[in-house]
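In: sequence and predicted model, in that order:
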Amino acid sequence: MIYDVIIVGSGSVGAAAGCYATINNLNVLMIDAHHPPHHHGSHHGKTRLIRYAYAEGDQYLPLLQRSKVLWEALEKTTGTSLLTPCGVLSLAPVDSPLIPTLIECAKTWSVDVEPLSASEIMQRWATFVVPENYHGVLDKNAGYLYSEKAVEQWIRLAQEQGCAQLFNCSVNEISHYDDLYRVSTADGEYTARKIIVTAGSWVKKLHPNIPISPVRKVMTWFQSDGRFSQHANFPAFTAQLTDGSQYYGFPAEDDQLKVARHDGGQPLNDAAECLPFGQYPTDGSECFSFLKQFLPGQSACLYGLACSYDNSPDGHFIIDYLDNDKTGLIISGLSGHGFKCAPALGEIASQFALGNEVDTVIEPFRLKRFEKNC
Ligand SMILES: Cc1cc2nc3c(=O)[nH]c(=O)nc-3n(C[C@H](O)[C@H](O)[C@H](O)COP(=O)(O)OP(=O)(O)OC[C@H]3O[C@@H](n4cnc5c(N)ncnc54)[C@H](O)[C@@H]3O)c2cc1C
């Protein structure tokens, strides 16, 4: 049997791609080394932020705006609550370019934001202690996503639409000859006219030349209370400290406040090196300096999880063809900020599989940007 497309890695982007390609009547085989959602990639830990004023660059705005539409559609189709628009408050020192960049982005792309001084922030949320030399901006429609639930829904929808799914089965090798892709797994060989590689942090096992550096990251949950919950209008947040470190967090659920650090982490060579939470002495304490300064009153770290970022050299996504004949597509290097865009990326992958033009949309993310620096 020859599939129209095989998806190698069916986590966040691969699950979305498999779902959209199947809905578009393609004959799809989704493969994953585990059974998504799972705890061996980048999509676990319950939640992910979604922001629409984006300092990472204008190239993301079409992806973000399309993703918002697709997230809402996925909620409607599945009858599942996936997106909580609680607002995201970003905080940074007044001499950092971050807040002006977010405000500028919001102006250009009509994103609903509210700039706030340190005292305005503390008046609105008495739980925040914000130094005088700080300011912020509230991205009003931003919020958070239930990441594992979303992956689960894409997998279920794809399966219901007739997608073939091969899980708990690693792909060992991909070869391309006679106009076909051959995918070797422990379970045998599978063949397709097109291939989409969305293997996240572990893509280098299949494509060693893709410039990805996997990094172990931890998320921590702190004992909290109702003042930090969404019922008390407490927002999701990001914060840049004066030493450049970056933190983010979510309104407390069940009196547990989730906080994590975006920069740093431990470099990884493969999945086996991603040791469980608690195996590094700093795991439970890396958010202490942020919490002590901005959200005093959080006490014990209750638990945590370890996950991986697939960092590209410049922190930007990698989306490119695998071959000159444009029959293979890779989406990787999401660098710790890609979950929010998974629906748009999945849709791009499915359009590619359908044979539609995606050159324009993938152009800013192609690998040739790294060649210039050689
Ligand atoms: C702690 C943490 C916090 C984050 N916070 C945010 C946030 O707030 N907002 C946001 O937008 N993003 C965030 N991200 C980033 C986001 O979660 C990732 O960018 C996104 O999940 C990556 O999607 P992916 O499909 O590339 O990888 P994954 O979801 O990991 O999927 C890759 C899949 O490929 C499979 N695979 C790998 N190798 C093989 C193989 N050889 N054979 C078969 N299958 C294979 C894996 O099993 C996996 O299922 C965060 C990430 C982490 C780790």
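Out: Good, I have the coordinates. Numbering: from 1, shown residues only.
In: residues contacting the closest residue to the ligand within the stretch 101-250 of the chain?
Out: Using Cβ to the nearest ligand atom, the closest approach of the stretch 101-250 of the chain to the ligand is made by Gly200 at 2.8 Å. Quick note: C-beta positions are derived from backbone N, CA and C, even for glycine. Taking Cβ atoms under 8 Å, 6 or more residues apart in numbering as the criterion, Gly200 is in contact with 9, 11-13, 41-42, 308, 310, 332, 334.
In: most neighbours among the residues you listed, which one?
Out: Ranked by neighbour count (other Cβ atoms under 10 Å), those have Val13 at the top, with 34 neighbours.
In: secondary structure of that residue: a helix, I assume?
Out: Yes - under DSSP: H, G, I helix; E, B strand; the rest coil, Val13 sits within a helix.
In: so what's the residue count around the nearest residue to Ser312 once chain neighbours are set aside?
Out: Spatially, and ignoring its direct neighbours in sequence, Ser312 is nearest to Gly333 (3.2 Å; Cβ to Cβ, 6 or more residues apart in numbering). Per other Cβ under 10 Å, the neighbour tally for Gly333 reads 27.
In: and Gly333, what does it touch?
Out: Counting by Cβ under 8 Å, 6+ apart, Gly333 has contacts 210-212, 310-312, 316-318.
In: tell me the buried residues within these.
Out: 210, 212, 310-312, 316-318 (16 or more other Cβ atoms under 10 Å).
In: residues contacting the residue of the chain found nearest the ligand?
Out: Proximity of the chain to the ligand (Cβ to the nearest ligand atom) peaks at Gly11, 1.9 Å away. Shown in contact with Gly11 (Cβ under 8 Å, 6+ apart): 32, 36-38, 41-43, 151, 198, 200.
In: tell me the confidence at the residue nearest to Val88 when sequence neighbours are not counted?
Out: Leaving aside its chain neighbours, Val88 sits nearest to Ala142 (3.8 Å; criterion: Cβ to Cβ, 6+ apart). Looking at Ala142, its pLDDT is 98.
In: quick one: Ala142 and Arg48 touch, right?
Out: No - at 11.5 Å, Ala142 does not count as touching Arg48 under the criterion of Cβ atoms under 8 Å.
In: can you work out which residues contact both of the two?
Out: Taking Cβ under 8 Å, 6+ apart as the contact criterion, no residue touches both Ala142 and Arg48.
In: returning to what we had before: which one of the contacts of Gly200 is nearest to Cys86?
Out: Closest approach between the contacts of Gly200 and Cys86, by Cβ to Cβ: Ser12, at 21.1 Å.
In: residues in contact with the closest one?
Out: Neighbours of Ser12 in contact, by Cβ under 8 Å, 6+ apart: 41-43, 147, 150-151, 198, 200, 334, 338-339, 342.
In: what distance do you get for it to Ile330?
Out: 15 Å (Cβ to Cβ, to the nearest Å).
In: got it, and Glu75?
Out: Using Cβ to Cβ, we find Glu75 at a distance of 29 Å from Ile330.
In: more neighbours, those two?
Out: Between Glu75 and Ile330, counting by other Cβ under 10 Å, Ile330 is the more crowded of the two (23 against 15).
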